[in-house]
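Novice: Predicted coordinates and the sequence they were generated for:
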Amino acid sequence: MLDWLKGVFTNPDVLSSIKVTFEMAVSSTIISAVIGIAFGLWLQNHNFIGKRVVIRVNRTLMGVPPVVIGLLVYLLTMRRGPLGSLALLFTVKGMVLAQTLIIAPIISGMVFSYAETAVPAIRAFAKTMGADKRQTNRLILSELRNEIYFCIITGFGRAISEVGSVMLVGGNIKGHTRTMTTMISLLKSQGIYSEGIGLGLLLLIMAFILQTLADFVRKEQIRDENY
C-alpha cells in the first residue's frame, strides 16, 4: 500500500490530474457561487411576469445531464462556433465554463429555495428595526450563511466529480486537461482497475480533507462573531 501511494505521488500524470482537478473545481465553484447566490436572492426578492417560468427553467437546468452541457459548450467553443475565436476548447478555461453552466443553476436554485422560506421574515424584522437596504442585505447573508455554505459545498462536490462535460470540452489531454475523474475513466477502459480504485479513494480523501478544513474555518468565524 505504501509503495502504491509513493508511486501515485511521484507519477507526473497523477500530480498533473490533481492540479487540473482542483484548479477547475475551485475556479468554477467560486464563479458559480457568485452568480448563483446573487441570482437566487434576486429572484426571491423580485416579482415580474414570467417569474414562475424562470424558476421552472432553473430547476430544469439543475437536473440537466452534464454531457448535454458539455456538448453545448463544445459546439460554442469549437473553431467554427460563436466562441471559437476565444480558443477555449481543450483548455482548463473551457472546462471551467462548462462546469459553471452546470453548477450555477444548482446553487441558485438551492439558494432561492432557502430564501423563499427564510427571507420574508428576515426582511420584516429588519424593517421593524429601521434597517436600510444595505443593512438588510447584510443581515440576510448573515442569517443564511449556513445554507449558503451548504450550497457552495454541494456545487464543489459536483464540480470535483464531473466526467462527461470535462471529457467533451477538455479532451482528456495528458498533462493539460486530464482530471482525476477522466483519468479514472481512462484506467477503467484500459482494464487497470486497482489504480482506478486507488485514485478514486484518493479523490474522496482529498475532498473530505478540504470539506473538513472549510468546516473548521466556518466554525472559527462563527465563534469569533459570538464573542
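Specialist: Structure's in. What do you need? Keep in mind that this is a model prediction, so the values were computed, not measured.
Novice: Packing partners of the longest helix seen in the chain?
Specialist: Longest helix of the chain, by residue count under DSSP state H: helix 92-128. Where contact means 3 or more C-beta pairs under 8 Å, 6 or more residues apart in numbering; DSSP states H and E, helix 92-128 is packed against helix 12-45, helix 51-62, helix 66-77, helix 133-143, helix 145-160, helix 164-170. Every C-beta, even on glycine, is put in place using the N, C-alpha and C of the backbone.
Novice: tell me how far it is from the chain's mean position?
Specialist: Counting by C-alpha atoms, centre = their mean, to the nearest Å, helix 92-128 is centred 12 Å from the centre of its parent chain.
Novice: ditto for stretch 23-41
Specialist: 6 Å.
Novice: rewinding a little: measure how the longest helix of the chain sits relative to helix 12-45, angle-wise.
Specialist: For helix 92-128 against helix 12-45, the angle by axes from the mean of the first three to the mean of the last three C-alpha atoms, to 10 degrees is 30 degrees.
Novice: Quick check: buried residues in helix 92-128?
Specialist: 92, 94-115, 119, 122-123, 126 (16 or more other C-beta atoms under 10 Å).
Novice: How about stretch 168-182?
Specialist: 168-172, 177-182.
Novice: Just the endpoints, please. Distance across it?
Specialist: 10 Å (C-alpha to C-alpha, to the nearest Å).
Novice: Now do it, average pLDDT.
Specialist: Average pLDDT, stretch 168-182: 87.
Novice: same deal with stretch 213-223?
Specialist: 65.
Novice: ok, F112 to L75 distance?
Specialist: Distance of F112 to L75, given as C-beta to C-beta, to the nearest Å: 29 Å.
Novice: how about the helices and strands packed on helix 92-128, which one is nearest A214?
Specialist: When these are compared by C-beta to C-beta, helix 145-160 sits nearest A214, at 6.9 Å.
Novice: can you give me how far that closest one is from the chain middle?
Specialist: For helix 145-160, the distance to the chain centre is 7 Å (C-alpha atoms, centre = their mean).
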